[in-house]
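[1] Turn this into a structure:
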Amino acid sequence: MLAEFLRLSPPSQAVVVLVLGSAAALVLRLVLRVIKLVLALLRALVPKRALRQKSDEGEISTGTTTTTRQAAAQQPKGVSMKQLLKEASKGKPGQHQDRHATSKLFITGLKGHTAEVTGLAWSPDGTQLATACDDRTVRVFNLSDPTAKNIPFRRKELRVGVQDVAFGDDNSHVAVQTKGLVNAAGLLMLDFSAKPEPAEEWSEENIHNKLPGLCLTSSSSSKGGYGVIASCSTKTDLRVYSTSGRLLGQVDTGGLNNYMATISRDGRWVAAGTFTSDAKLYEVGFDRLGAFTGVKMAMSLKGHKSKIFCLDFSPDLTRMVTASGDGLLKVWNINVRYHMDEDPKVLLTTGLSLPPGQCYKRVAWGPDGHIAAACDRMLHFLDARTGEVVDRVEDAHDAPITCLEWSSSKLRGPQGVVSVLATGGLDGRVRLWAAPQKLV
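    Purely as a prediction, here's the structure:
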(Lines give C-alpha, C1' and ligand atoms only; values in the text may rest on other atoms or scores of the structure.)
Protein backbone atom coordinates (compact mmCIF):
# COMPACT_ATOMS: atom_id res chain seq x y z
CA MET A 1 0.00 0.00 0.00
CA LEU A 2 2.94 2.29 0.76
CA ALA A 3 4.39 1.61 -2.66
CA GLU A 4 1.09 2.52 -4.31
CA PHE A 5 1.00 5.71 -2.29
CA LEU A 6 4.55 6.63 -3.42
CA ARG A 7 3.62 6.11 -7.07
CA LEU A 8 0.93 8.82 -6.77
CA SER A 9 1.63 12.34 -7.91
CA PRO A 10 2.35 14.90 -5.16
CA PRO A 11 -1.08 16.55 -5.47
CA SER A 12 -2.81 13.17 -5.16
CA GLN A 13 -0.64 12.29 -2.15
CA ALA A 14 -1.73 15.54 -0.49
CA VAL A 15 -5.39 14.73 -1.08
CA VAL A 16 -4.99 11.24 0.41
CA VAL A 17 -3.21 12.60 3.49
CA LEU A 18 -5.96 15.20 3.97
CA VAL A 19 -8.75 12.62 3.73
CA LEU A 20 -7.04 10.19 6.10
CA GLY A 21 -6.31 12.96 8.60
CA SER A 22 -9.95 14.12 8.59
CA ALA A 23 -11.19 10.56 9.08
CA ALA A 24 -8.78 10.03 11.98
CA ALA A 25 -9.87 13.24 13.64
CA LEU A 26 -13.53 12.26 13.31
CA VAL A 27 -12.89 8.83 14.83
CA LEU A 28 -10.93 10.39 17.69
CA ARG A 29 -13.81 12.76 18.45
CA LEU A 30 -16.31 9.91 18.53
CA VAL A 31 -14.08 7.92 20.87
CA LEU A 32 -13.69 10.87 23.24
CA ARG A 33 -17.45 11.44 23.33
CA VAL A 34 -18.04 7.78 24.19
CA ILE A 35 -15.46 7.96 26.99
CA LYS A 36 -17.07 11.12 28.42
CA LEU A 37 -20.50 9.50 28.31
CA VAL A 38 -19.25 6.42 30.15
CA LEU A 39 -17.54 8.55 32.83
CA ALA A 40 -20.70 10.62 33.29
CA LEU A 41 -22.79 7.49 33.79
CA LEU A 42 -20.30 6.15 36.32
CA ARG A 43 -20.33 9.42 38.28
CA ALA A 44 -24.11 9.38 38.31
CA LEU A 45 -24.43 5.76 39.41
CA VAL A 46 -21.75 5.57 42.09
CA PRO A 47 -23.15 8.27 44.45
CA LYS A 48 -26.67 6.87 44.15
CA ARG A 49 -25.48 3.39 45.08
CA ALA A 50 -23.43 4.75 48.00
CA LEU A 51 -26.37 6.79 49.20
CA ARG A 52 -28.75 3.85 48.90
CA GLN A 53 -26.27 1.62 50.80
CA LYS A 54 -25.91 4.24 53.54
CA SER A 55 -29.68 4.56 53.81
CA ASP A 56 -30.06 0.78 54.08
CA GLU A 57 -27.43 0.62 56.81
CA GLY A 58 -29.25 3.37 58.73
CA GLU A 59 -32.50 1.44 58.51
CA ILE A 60 -30.83 -1.71 59.82
CA SER A 61 -29.18 0.08 62.72
CA THR A 62 -32.29 2.04 63.79
CA GLY A 63 -35.02 -0.34 62.70
CA THR A 64 -36.86 2.59 60.98
CA THR A 65 -38.60 2.16 57.64
CA THR A 66 -40.69 5.36 57.57
CA THR A 67 -40.85 6.92 54.11
CA THR A 68 -40.57 10.46 55.46
CA ARG A 69 -37.33 9.62 57.29
CA GLN A 70 -35.86 8.11 54.11
CA ALA A 71 -36.72 11.28 52.23
CA ALA A 72 -35.20 13.42 54.96
CA ALA A 73 -31.98 11.36 54.88
CA GLN A 74 -31.68 11.75 51.10
CA GLN A 75 -32.59 15.48 51.02
CA PRO A 76 -29.35 17.50 50.88
CA LYS A 77 -29.08 20.55 53.07
CA GLY A 78 -29.38 23.99 51.44
CA VAL A 79 -31.97 25.81 49.33
CA SER A 80 -34.78 23.68 47.95
CA MET A 81 -35.99 23.84 44.32
CA LYS A 82 -39.30 25.29 45.53
CA GLN A 83 -37.45 28.13 47.26
CA LEU A 84 -35.35 28.79 44.15
CA LEU A 85 -38.46 29.02 41.96
CA LYS A 86 -40.11 31.32 44.49
CA GLU A 87 -37.09 33.62 44.49
CA ALA A 88 -36.89 33.58 40.68
CA SER A 89 -40.54 34.59 40.37
CA LYS A 90 -40.08 37.72 42.48
CA GLY A 91 -40.36 40.87 40.42
CA LYS A 92 -42.17 39.18 37.52
CA PRO A 93 -45.59 40.59 36.60
CA GLY A 94 -48.43 38.77 38.32
CA GLN A 95 -46.16 36.45 40.33
CA HIS A 96 -45.73 38.31 43.62
CA GLN A 97 -48.07 38.23 46.57
CA ASP A 98 -51.09 40.53 46.39
CA ARG A 99 -50.53 42.92 49.29
CA HIS A 100 -53.63 45.08 48.78
CA ALA A 101 -56.16 42.76 50.37
CA THR A 102 -56.26 45.00 53.47
CA SER A 103 -57.79 47.96 51.59
CA LYS A 104 -61.40 48.52 52.61
CA LEU A 105 -62.39 48.85 48.94
CA PHE A 106 -60.45 45.83 47.70
CA ILE A 107 -62.62 42.86 46.66
CA THR A 108 -60.27 40.39 44.98
CA GLY A 109 -57.46 39.93 42.49
CA LEU A 110 -57.82 37.83 39.33
CA LYS A 111 -55.05 35.28 38.94
CA GLY A 112 -53.52 33.81 35.82
CA HIS A 113 -51.75 36.73 34.11
CA THR A 114 -48.03 36.25 33.51
CA ALA A 115 -47.15 39.62 31.95
CA GLU A 116 -48.31 43.23 31.79
CA VAL A 117 -52.06 43.77 31.52
CA THR A 118 -52.75 46.27 28.73
CA GLY A 119 -56.55 46.32 28.54
CA LEU A 120 -59.81 45.05 30.00
CA ALA A 121 -63.55 45.24 29.30
CA TRP A 122 -66.81 44.20 30.97
CA SER A 123 -69.47 42.22 29.14
CA PRO A 124 -72.81 43.88 28.26
CA ASP A 125 -74.50 42.40 31.34
CA GLY A 126 -71.55 43.25 33.62
CA THR A 127 -70.82 39.70 34.82
CA GLN A 128 -67.88 38.75 32.57
CA LEU A 129 -64.52 40.49 32.40
CA ALA A 130 -62.16 40.14 29.43
CA THR A 131 -58.48 41.04 29.81
CA ALA A 132 -55.63 41.67 27.37
CA CYS A 133 -52.22 40.54 28.56
CA ASP A 134 -48.76 40.93 27.07
CA ASP A 135 -48.32 37.14 27.21
CA ARG A 136 -50.40 37.07 23.95
CA THR A 137 -53.42 35.70 25.82
CA VAL A 138 -57.03 36.84 26.11
CA ARG A 139 -58.84 35.72 29.26
CA VAL A 140 -62.54 35.94 30.13
CA PHE A 141 -63.45 35.66 33.84
CA ASN A 142 -66.88 34.70 35.13
CA LEU A 143 -67.55 37.27 37.87
CA SER A 144 -71.16 36.47 38.72
CA ASP A 145 -69.72 36.02 42.23
CA PRO A 146 -66.45 37.97 42.68
CA THR A 147 -66.14 36.69 46.26
CA ALA A 148 -65.84 33.05 45.17
CA LYS A 149 -62.62 31.33 46.23
CA ASN A 150 -61.90 30.07 42.72
CA ILE A 151 -63.09 32.33 39.91
CA PRO A 152 -63.45 30.36 36.66
CA PHE A 153 -62.08 31.73 33.40
CA ARG A 154 -61.42 30.67 29.81
CA ARG A 155 -58.39 31.70 27.80
CA LYS A 156 -57.22 31.95 24.21
CA GLU A 157 -53.54 32.27 23.32
CA LEU A 158 -52.89 34.03 20.02
CA ARG A 159 -50.00 33.90 17.56
CA VAL A 160 -49.64 37.67 17.77
CA GLY A 161 -49.50 40.19 20.60
CA VAL A 162 -52.60 41.52 22.36
CA GLN A 163 -53.11 45.26 22.92
CA ASP A 164 -56.75 45.66 24.03
CA VAL A 165 -60.12 43.90 24.20
CA ALA A 166 -63.81 44.83 23.93
CA PHE A 167 -66.97 42.75 24.00
CA GLY A 168 -69.17 42.28 20.96
CA ASP A 169 -72.94 41.86 20.86
CA ASP A 170 -73.09 39.45 23.81
CA ASN A 171 -71.11 37.86 26.64
CA SER A 172 -69.42 35.25 24.45
CA HIS A 173 -67.90 37.43 21.70
CA VAL A 174 -64.71 39.38 22.38
CA ALA A 175 -63.04 41.76 19.92
CA VAL A 176 -59.24 41.93 20.17
CA GLN A 177 -56.88 44.66 19.01
CA THR A 178 -53.67 42.80 18.13
CA LYS A 179 -50.00 43.67 17.68
CA GLY A 180 -48.69 42.13 14.48
CA LEU A 181 -45.45 42.59 12.53
CA VAL A 182 -43.55 45.63 13.92
CA ASN A 183 -46.58 46.18 16.18
CA ALA A 184 -48.94 47.00 13.28
CA ALA A 185 -52.48 46.89 14.66
CA GLY A 186 -54.97 44.19 13.68
CA LEU A 187 -58.51 43.36 14.73
CA LEU A 188 -60.22 40.01 15.26
CA MET A 189 -63.32 38.57 16.89
CA LEU A 190 -63.24 35.54 19.20
CA ASP A 191 -66.21 33.33 20.11
CA PHE A 192 -65.67 32.13 23.68
CA SER A 193 -68.75 29.89 23.56
CA ALA A 194 -67.02 27.56 21.07
CA LYS A 195 -65.73 24.19 22.29
CA PRO A 196 -63.21 22.82 23.04
CA GLU A 197 -61.54 26.25 22.91
CA PRO A 198 -62.50 29.78 21.81
CA ALA A 199 -62.63 30.15 18.04
CA GLU A 200 -61.74 33.03 15.72
CA GLU A 201 -64.75 34.27 13.72
CA TRP A 202 -63.10 36.96 11.59
CA SER A 203 -59.93 39.03 11.47
CA GLU A 204 -58.49 42.10 9.78
CA GLU A 205 -54.76 42.84 9.52
CA ASN A 206 -52.99 46.21 9.40
CA ILE A 207 -56.12 48.23 10.18
CA HIS A 208 -54.22 51.48 10.91
CA ASN A 209 -51.79 51.64 7.96
CA LYS A 210 -48.92 49.87 9.76
CA LEU A 211 -49.39 51.98 12.90
CA PRO A 212 -49.63 50.46 16.40
CA GLY A 213 -53.01 50.33 18.10
CA LEU A 214 -53.71 52.39 21.19
CA CYS A 215 -57.08 51.21 22.50
CA LEU A 216 -60.29 49.41 21.59
CA THR A 217 -63.79 50.25 22.79
CA SER A 218 -67.24 48.96 21.92
CA SER A 219 -70.98 49.17 22.36
CA SER A 220 -73.19 46.09 22.22
CA SER A 221 -76.01 48.01 20.51
CA SER A 222 -76.74 50.83 18.08
CA LYS A 223 -79.61 52.26 16.03
CA GLY A 224 -78.55 49.83 13.31
CA GLY A 225 -79.44 46.85 15.52
CA TYR A 226 -75.86 45.64 15.96
CA GLY A 227 -72.81 46.38 18.06
CA VAL A 228 -70.19 48.99 17.17
CA ILE A 229 -66.43 48.80 17.71
CA ALA A 230 -64.01 51.77 17.69
CA SER A 231 -60.29 51.18 17.18
CA CYS A 232 -57.82 53.98 17.83
CA SER A 233 -54.17 54.20 16.68
CA THR A 234 -51.28 55.94 18.43
CA LYS A 235 -51.33 58.68 15.77
CA THR A 236 -54.54 60.27 14.40
CA ASP A 237 -56.37 57.33 12.83
CA LEU A 238 -59.74 56.30 14.32
CA ARG A 239 -61.84 53.57 12.70
CA VAL A 240 -65.36 52.33 13.42
CA TYR A 241 -66.44 48.73 12.69
CA SER A 242 -69.58 46.70 13.10
CA THR A 243 -69.27 43.64 15.31
CA SER A 244 -69.47 41.53 12.13
CA GLY A 245 -66.19 43.06 10.94
CA ARG A 246 -67.50 45.59 8.41
CA LEU A 247 -65.64 48.92 8.30
CA LEU A 248 -68.24 51.63 8.89
CA GLY A 249 -66.08 54.72 8.86
CA GLN A 250 -62.64 56.24 9.27
CA VAL A 251 -61.73 59.67 10.64
CA ASP A 252 -58.53 61.65 11.15
CA THR A 253 -58.62 63.22 14.62
CA GLY A 254 -56.00 65.76 13.53
CA GLY A 255 -54.36 65.95 16.90
CA LEU A 256 -50.82 64.71 16.10
CA ASN A 257 -51.27 61.89 18.64
CA ASN A 258 -54.26 60.10 20.12
CA TYR A 259 -54.25 59.47 23.86
CA MET A 260 -57.59 57.78 24.38
CA ALA A 261 -60.88 56.98 22.65
CA THR A 262 -64.20 55.83 24.06
CA ILE A 263 -67.68 55.02 22.78
CA SER A 264 -71.09 55.66 24.34
CA ARG A 265 -72.96 52.55 25.42
CA ASP A 266 -75.75 53.23 22.91
CA GLY A 267 -73.24 53.24 20.05
CA ARG A 268 -74.09 56.80 18.98
CA TRP A 269 -70.99 58.75 20.02
CA VAL A 270 -67.26 58.12 19.66
CA ALA A 271 -64.96 60.55 21.50
CA ALA A 272 -61.20 61.02 21.20
CA GLY A 273 -58.67 62.81 23.40
CA THR A 274 -55.62 64.02 21.46
CA PHE A 275 -52.49 66.12 21.62
CA THR A 276 -54.58 69.22 20.98
CA SER A 277 -56.50 70.90 23.79
CA ASP A 278 -59.98 69.98 22.57
CA ALA A 279 -61.76 66.64 22.67
CA LYS A 280 -63.65 65.60 19.55
CA LEU A 281 -67.04 63.85 19.42
CA TYR A 282 -68.13 61.95 16.33
CA GLU A 283 -71.63 60.68 15.65
CA VAL A 284 -72.16 57.19 14.23
CA GLY A 285 -75.19 57.95 12.08
CA PHE A 286 -78.15 55.78 11.05
CA ASP A 287 -81.33 56.68 9.22
CA ARG A 288 -84.86 55.90 10.42
CA LEU A 289 -84.70 52.42 8.92
CA GLY A 290 -81.44 51.60 10.72
CA ALA A 291 -79.19 51.93 7.66
CA PHE A 292 -75.73 53.29 8.38
CA THR A 293 -75.15 56.81 7.03
CA GLY A 294 -71.60 57.67 8.15
CA VAL A 295 -69.30 58.82 10.93
CA LYS A 296 -69.34 62.60 11.15
CA MET A 297 -67.81 65.27 13.37
CA ALA A 298 -70.48 66.52 15.78
CA MET A 299 -68.93 68.52 18.64
CA SER A 300 -65.65 69.75 20.13
CA LEU A 301 -65.07 70.18 23.85
CA LYS A 302 -63.00 73.38 23.97
CA GLY A 303 -61.62 74.83 27.18
CA HIS A 304 -58.47 72.95 28.18
CA LYS A 305 -55.03 74.49 27.59
CA SER A 306 -53.08 71.28 27.03
CA LYS A 307 -53.43 67.78 25.61
CA ILE A 308 -56.31 65.64 26.81
CA PHE A 309 -55.12 62.35 28.27
CA CYS A 310 -58.45 60.68 29.07
CA LEU A 311 -62.20 61.08 28.88
CA ASP A 312 -65.43 59.16 29.44
CA PHE A 313 -69.21 59.40 29.11
CA SER A 314 -71.58 59.58 32.07
CA PRO A 315 -73.93 56.59 32.52
CA ASP A 316 -76.90 58.68 31.30
CA LEU A 317 -74.87 59.83 28.23
CA THR A 318 -75.65 63.52 28.80
CA ARG A 319 -72.23 64.50 30.19
CA MET A 320 -68.52 63.85 29.70
CA VAL A 321 -65.47 64.09 31.91
CA THR A 322 -62.02 65.07 30.60
CA ALA A 323 -58.60 65.27 32.27
CA SER A 324 -55.84 67.31 30.69
CA GLY A 325 -52.16 68.03 30.99
CA ASP A 326 -53.10 71.55 32.14
CA GLY A 327 -53.84 70.03 35.57
CA LEU A 328 -57.60 70.41 35.29
CA LEU A 329 -60.56 68.05 35.26
CA LYS A 330 -63.71 69.22 33.49
CA VAL A 331 -67.27 67.93 33.36
CA TRP A 332 -69.27 68.86 30.25
CA ASN A 333 -72.93 68.94 29.28
CA ILE A 334 -73.11 67.32 25.82
CA ASN A 335 -76.90 67.12 25.76
CA VAL A 336 -77.11 70.09 23.39
CA ARG A 337 -78.61 70.84 19.98
CA TYR A 338 -75.29 70.45 18.20
CA HIS A 339 -77.01 70.30 14.79
CA MET A 340 -78.06 73.91 15.47
CA ASP A 341 -74.45 74.84 16.38
CA GLU A 342 -75.09 74.83 20.13
CA ASP A 343 -71.79 74.20 21.89
CA PRO A 344 -71.26 71.83 24.84
CA LYS A 345 -71.18 73.66 28.18
CA VAL A 346 -68.69 73.29 31.02
CA LEU A 347 -70.45 72.23 34.22
CA LEU A 348 -67.39 71.83 36.44
CA THR A 349 -63.71 72.78 36.37
CA THR A 350 -61.48 71.63 39.20
CA GLY A 351 -57.80 71.11 39.88
CA LEU A 352 -56.38 67.63 40.29
CA SER A 353 -55.53 66.30 43.75
CA LEU A 354 -52.11 65.18 42.53
CA PRO A 355 -48.46 66.23 42.96
CA PRO A 356 -47.37 69.07 40.63
CA GLY A 357 -46.71 67.95 37.07
CA GLN A 358 -48.86 64.83 37.30
CA CYS A 359 -52.18 64.12 35.61
CA TYR A 360 -54.84 61.46 35.51
CA LYS A 361 -54.13 59.08 32.60
CA ARG A 362 -57.34 57.05 32.88
CA VAL A 363 -60.87 57.98 34.00
CA ALA A 364 -64.09 55.96 34.18
CA TRP A 365 -67.50 57.41 35.08
CA GLY A 366 -69.39 54.90 37.17
CA PRO A 367 -72.74 54.56 38.90
CA ASP A 368 -73.74 56.41 42.08
CA GLY A 369 -72.02 59.60 40.93
CA HIS A 370 -68.43 58.32 41.19
CA ILE A 371 -65.62 58.97 38.74
CA ALA A 372 -62.64 56.64 39.07
CA ALA A 373 -59.32 58.20 38.06
CA ALA A 374 -55.83 56.71 37.87
CA CYS A 375 -52.40 58.35 37.87
CA ASP A 376 -49.37 56.08 37.95
CA ARG A 377 -50.14 53.60 40.78
CA MET A 378 -52.74 55.81 42.49
CA LEU A 379 -56.49 55.23 42.28
CA HIS A 380 -58.87 58.05 43.21
CA PHE A 381 -62.66 58.11 43.50
CA LEU A 382 -64.18 61.53 42.76
CA ASP A 383 -67.59 63.07 43.35
CA ALA A 384 -68.82 63.90 39.83
CA ARG A 385 -70.72 66.94 41.16
CA THR A 386 -67.80 68.66 42.89
CA GLY A 387 -64.63 66.92 41.70
CA GLU A 388 -63.69 66.24 45.31
CA VAL A 389 -61.73 63.07 46.07
CA VAL A 390 -64.00 61.03 48.34
CA ASP A 391 -61.69 58.00 48.64
CA ARG A 392 -58.29 56.89 47.43
CA VAL A 393 -55.89 53.95 47.24
CA GLU A 394 -52.38 55.36 46.97
CA ASP A 395 -50.75 52.10 45.83
CA ALA A 396 -53.57 50.31 44.07
CA HIS A 397 -50.97 48.54 41.91
CA ASP A 398 -47.23 47.95 42.14
CA ALA A 399 -46.71 49.55 38.71
CA PRO A 400 -48.63 52.13 36.65
CA ILE A 401 -52.33 51.45 36.07
CA THR A 402 -53.04 50.92 32.37
CA CYS A 403 -56.82 50.42 32.28
CA LEU A 404 -59.96 50.69 34.41
CA GLU A 405 -63.68 50.19 33.82
CA TRP A 406 -66.88 49.93 35.86
CA SER A 407 -69.24 46.99 35.62
CA SER A 408 -72.69 47.89 34.35
CA SER A 409 -74.24 45.68 37.07
CA LYS A 410 -73.85 45.61 40.81
CA LEU A 411 -72.06 42.49 42.04
CA ARG A 412 -71.50 40.74 45.33
CA GLY A 413 -68.72 42.10 47.50
CA PRO A 414 -67.47 41.39 51.03
CA GLN A 415 -69.90 43.98 52.42
CA GLY A 416 -72.86 43.10 50.20
CA VAL A 417 -73.93 44.03 46.67
CA VAL A 418 -71.87 46.96 45.34
CA SER A 419 -70.78 48.73 42.18
CA VAL A 420 -67.48 47.19 41.03
CA LEU A 421 -64.46 48.76 39.33
CA ALA A 422 -61.83 46.64 37.55
CA THR A 423 -58.25 47.88 37.15
CA GLY A 424 -55.25 46.42 35.34
CA GLY A 425 -51.60 47.40 35.50
CA LEU A 426 -48.06 46.90 34.30
CA ASP A 427 -47.53 44.72 37.39
CA GLY A 428 -49.51 41.93 35.69
CA ARG A 429 -52.41 42.31 38.10
CA VAL A 430 -56.16 42.71 37.63
CA ARG A 431 -57.98 43.90 40.74
CA LEU A 432 -61.61 44.51 41.63
CA TRP A 433 -62.66 47.40 43.87
CA ALA A 434 -65.94 48.29 45.53
CA ALA A 435 -67.27 51.80 45.04
CA PRO A 436 -67.09 54.03 48.12
CA GLN A 437 -70.25 54.54 50.12
CA LYS A 438 -73.06 56.21 48.24
CA LEU A 439 -72.73 59.96 47.97
CA VAL A 440 -75.28 62.06 49.88
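[2] Please name the nearest non-neighbouring residue to Gly267.
    In space, and not counting its chain neighbours, Gly267 is closest to Ser222: 3.2 Å by Cβ to Cβ, 6 or more residues apart in numbering. To be clear about C-beta, it is placed using only N, CA and C from the backbone, and glycine gets the same treatment.
[3] from what I can see that neighbour touches Arg268, true?
    Yes. With contacts defined as Cβ atoms under 8 Å, Ser222 counts as touching Arg268 at a distance of 7.2 Å.
[4] Need the residues touching each of those two.
    Overlap of the contact sets of Ser222 and Arg268 (by Cβ atoms under 8 Å, 6 or more residues apart in numbering) consists of Val284.
[5] Determine the number of other residues adjacent to the residue nearest to Gly267.
    Applying other Cβ atoms under 10 Å, we find 21 other residues in the vicinity of Ser222.
[6] List the contacts of it.
    228, 266-268, 284, 286.
[7] Can you flag the buried ones in the residues you listed?
    Neighbour-count burial (16 or more other Cβ atoms under 10 Å) applied to the contacts of Ser222 gives 228, 267-268, 284, 286.
[8] Which one of the residues you listed is nearest to Thr318?
    The shortest approach to Thr318 among the buried ones among the contacts of Ser222 belongs to Arg268, at 12.0 Å (Cβ to Cβ).
[9] picking up where we left off before, quick one: the contacts of Ser222 as TSV, columns for pLDDT, secondary structure and distance to Gly366 too.
    Converted to TSV, the contacts of Ser222 look like this (pLDDT from 0 to 100; DSSP: H, G, I helix; E, B strand; the rest coil; distance: Cβ to Cβ, whole Å):
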residue	pLDDT	secondary structure	distance to Gly366
Val228	98	strand	22
Asp266	96	coil	17
Gly267	97	coil	20
Arg268	97	coil	20
Val284	97	strand	23
Phe286	97	strand	28
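[10] list the buried ones in stretch 134-151?
    134-143, 146, 151.
[11] In this protein, where is pLDDT below threshold?
    Within the chain, the stretches falling below the threshold (pLDDT under 70) are 1-8, 11, 13-16, 40-102, 438-440.
[12] circling back to that earlier point, make CSV from the buried residues of stretch 134-151 and add distance to Leu187 to it.
    Formatted as CSV, the buried residues of stretch 134-151 follow (distance: Cβ to Cβ, whole Å):
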residue, distance to Leu187
Asp134, 18
Asp135, 20
Arg136, 16
Thr137, 17
Val138, 13
Arg139, 19
Val140, 18
Phe141, 22
Asn142, 25
Leu143, 25
Pro146, 29
Ile151, 28
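[13] Narrow those residues to those in helices?
    Judged by DSSP state H, the subset of those located in helices is empty.
[14] Nearest to Asn258 among these?
    The shortest approach to Asn258 among these belongs to Asp134, at 20.4 Å (Cβ to Cβ).
[15] State the distance from the closest one to Leu379.
    Applying Cβ to Cβ, to the nearest Å, the value for Asp134 to Leu379 is 21 Å.
[16] try Asn257
    Separation of Asn257 from Leu379 (Cβ to Cβ): 25 Å.
[17] now Arg431
    Distance from Arg431 to Leu379, counting by Cβ to Cβ: 9 Å.
[18] okay, and the common contacts of these two?
    396-397, 423.
[19] what's the closest of those to His339?
    Minimum distance to His339 across those is 37.5 Å, recorded for Thr423 (Cβ to Cβ).
[20] Contacts only, for the closest one.
    For Thr423, the set of contacting residues under the criterion of Cβ under 8 Å, 6+ apart consists of 374, 379, 396-397, 401, 403-404, 430-431, 433.
[21] Much appreciated, bye for now.
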